[in-house]
Each structure stands twice: as structure tokens, then as C-alpha cells.
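>>> Just to be clear, the model below is a prediction. Sequence and coordinates:
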Amino acid sequence: MVKLRELQVGTVLKYEYGPVTREGITKYAFASGDRNNIHTNDEFAEAMKLKGVIAHGLYSFSMVARCFDEIAGEEGQLVKFGGEMRGMVRPGDTYIITLTVTEINGDLVDFKFVEQSKTPLKIVKEGIVVKEFEGETRGWVSEKDIAKDLIKTEEVAGGILHFRLRTAIPGTATIRMINGH
Amino acid sequence: MGLTEEETKLSEKYQFFVGKELNKAIFRVKGKHMIEFAESVGLTSPKYTKVETGADGKPDYSGIVAVPTYPNCWTVDCCFDMVNWTYPESANKFITNYGKVLHTSQFYDYSKAEVPIQHGQKLYTTGILAKAYIKADKLWLENHLDTKTTDGKLVVQSRVMVCVRQGGY
């Protein structure tokens, strides 16, 4: 557990949440009131040329708030935060959020963050594809992703996982430390 | 913003709308809904979800506050009011194709908040289109919003950026 008062300028923290599920997106759709079918209905999203449902940008944004809330705990309060929604996030993706402390000024701690989405594509063992994920079967990887070198690999149980790692939301945040802690 | 000379010139047309007020949104905060929202984004801390039982045996939500992204529930809708705006001389629409509108960024500022968001409040959100400009063939629209309680206490300030792709403006 990270202690807010122990953070220093330059401290880097990493959080992972996921995988994103259709049920989770639908739950958010009902809670937030944004029930646009591109988030909840695969057929509709396909018709909109989206290759399946996508998570709400503000759902992904809320995941960032989640990690700042963990850091703030009872010692602090998230007072400012914002980000640009750049990349679509889909079911099966995992959020990877990297935070860096950029300034500590009195009771205010400033951060910059990058939320990335990790999209699993396939597992390859000895040259043979042993598992394909939705990202592969639905063609979620674009030529642009390949050109930008966003396709990565890592060893997992069962072979080598091929995945796309793409920026979903970069942004900034400020936590105010609460007196008495 | 770093606009080119041509983008600055193209942006002039849209300055007519800068400063225009967005539709006022009214949102009633209900404890049960606050909890549903918190749980939907994985925030299960007692400060957001722990409900006591009141003396009358009913749930007492007075001890919880809304999660920081709760304003997601109303801020974007306020901004999409712009799709109904028209130019006064021609009655032509400001945004001609709603399908070309993208929500591109969101910013919340609680630093000047006078009270937290809690069950039972009736919240009023007012705002303006603060900036409008053309950049990289897209129309960028920055909206500034204030959300206050019935007695005028600020709960959050928001900045919502939307962009309209070519063919939509």
C-alpha cells in the first residue's frame, strides 16, 4: 500500500485493472445513463463499423480515478484530474496505468499519468497459434498500430502472448493531503 | 493551441458561439444510484458505499459521498445541447452531423468545492462554450461547466472537450 506522504517527485507507480468485460461496460452504461448501443450491443456496434462494442471513454477515465483514490486513501482527496480520450478500449483489454509524481507543493501532490490498454491477440507456442483472442479474430489491430510498433510479446503459461499496448488516456491529477494525517 | 494562420482564419466563423450558454442541467442525487455508480467503476470504499440503517429502518445515505467521476452522469449531456444551435442569420446548424461528434477530453476540479456531492441534493449545472477552433481539419469545442447545489454552493467545476470531424460542421 502506497503512503501518500512518502511519495517524492519522480516516484513512479503502476496499477492494473481488468480485464474489461461486457457485463462491466453494461453496468457502467446503466449507472452513468450513457446507454448508447455502441457500448452494449455488438451487432449495432458492428453496423457502426466499430468491430464490436467499445468501453465508454468515461469508464476508462473512471479507472484512472480508481487508482488515484487508492493512493489518496484516508490521507488525501483527489481534487483535480483530467485526461484526453485517445484510444478505444474493448472487452478483454486490461488497463495499465502509470503515474509519475511531478510536483509536491505544500499539501498538493501533482501527477501525470498514462492509461494504456493491453489487448490480447493470440498465444503462440512453437510457431503454432494455440489460442486466439477477440482482438485477433475481429481484427482490432490496425495498420497504424503496426506502424507505430504497438504490437508486443511476452511469455505466459502456454506460450508467447502477442498483444497490443496502446495509450487510452494521458492526463494529469492533483491530490490534496488532508491535515491531521 | 498552436493554430496555423489558415486554421485561425477558419476558426473565426465559430467565434459567434463562444460564450454562449449551454442548457442548464438538473440532476437529483440519490444514494442508491451513487453506490451503483461507484461499484460500476470498481470503487467500493466505505466512504462511497457504506450505508447505515436509519432510526426508521430505512437506508441512511448521509454518511457517503459520490466518487470523483460521478459528474460523468450529467456533464456530457450538457455539452451535447450544442447540436441544436443555429446561426441567427441563416438558421443553419452549428453542428450539421451529430454522428461526427466525439467526446475527447474531460477534466474535473474540486479544489473550490464548498460541499461534497451527497444524497438528496438537487444539482444545477450551467456552462458556456469557452473556446471553438479548427485544428487538423476538426472543429474543437471546449466547454466550461459549474455544478452547484440548490443554495448555490459549488460542488465541482468541469471542462469537457468535444471535437467534430469533417462533415459534421
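Here it is on my side, so go on.
>>> C-alpha from now on. contacts and neighbour counts both.
Noted.
>>> isn't A:Arg166 right next to A:Pro120, touching?
No - counting by C-alpha atoms under 8 Å, A:Arg166 sits too far from A:Pro120 to count as a contact (11.5 Å).
>>> Report the closest residue of chain B relative to chain A.
B:Phe107 (3.8 Å; C-alpha to the nearest C-alpha).
>>> residues near that residue, how many?
Neighbour count for B:Phe107, taken as other C-alpha atoms under 10 Å in any protein chain shown: 20.
>>> Could I get the pLDDT score of it?
Note for B:Phe107: predicted pLDDT of 98.
>>> Is it correct that it is in contact with B:Val160?
Yes - with contact defined as C-alpha under 8 Å, B:Phe107 reaches B:Val160; the gap is 6.4 Å.
>>> Report the contact partners of A:Leu121.
Contact analysis of A:Leu121 by C-alpha atoms under 8 Å, 6 or more residues apart in numbering or on different chains lists A:Glu132, A:Phe133, A:Glu134, A:Gly135, A:Glu136, A:Leu161, A:His162, A:Phe163, A:Arg164.
>>> what about chain A, any weak spots by pLDDT?
A:180-181 (pLDDT under 70).
>>> from it, which residue is nearest to chain B?
A:Gly82 (3.8 Å).
>>> Could you count how many residues lie near that residue?
24.
>>> three-state assignment of it?
Following DSSP: H, G, I helix; E, B strand; the rest coil, A:Gly82 is assigned to strand.
>>> nearest residue to it other than its sequence neighbours?
Nearest non-adjacent residue to A:Gly82, counting by C-alpha to C-alpha, 6 or more residues apart in numbering or on different chains: B:Phe107, 3.8 Å away.
>>> so when I look at that neighbour, I'm seeing a strand, right?
Yes - the assignment for B:Phe107 is a strand, going by three-state DSSP.
>>> check contacts around it.
A:Lys80, A:Phe81, A:Gly82, A:Gly83, B:Ser158, B:Arg159, B:Val160 are the contacts of B:Phe107 under C-alpha under 8 Å, 6+ apart.
>>> ditto for B:Lys24
Contacts of B:Lys24 (C-alpha under 8 Å, 6+ apart): B:Cys78, B:Tyr124, B:Thr125, B:Thr126, B:Gly127.
>>> Quick check, pLDDT for it.
In this prediction B:Lys24 is given a pLDDT of 91.
>>> ok, it to B:Tyr133 distance?
Applying C-alpha to C-alpha, to the nearest Å, the value for B:Lys24 to B:Tyr133 is 24 Å.
>>> Kindly report the same for A:Tyr28.
32 Å.
>>> and A:Lys14, how many neighbours?
A:Lys14: 13 neighbours (other C-alpha under 10 Å).
>>> Next, B:Ile134: secondary structure please.
Applying three-state DSSP: B:Ile134 is strand.
>>> Nice, that's everything, thank you.
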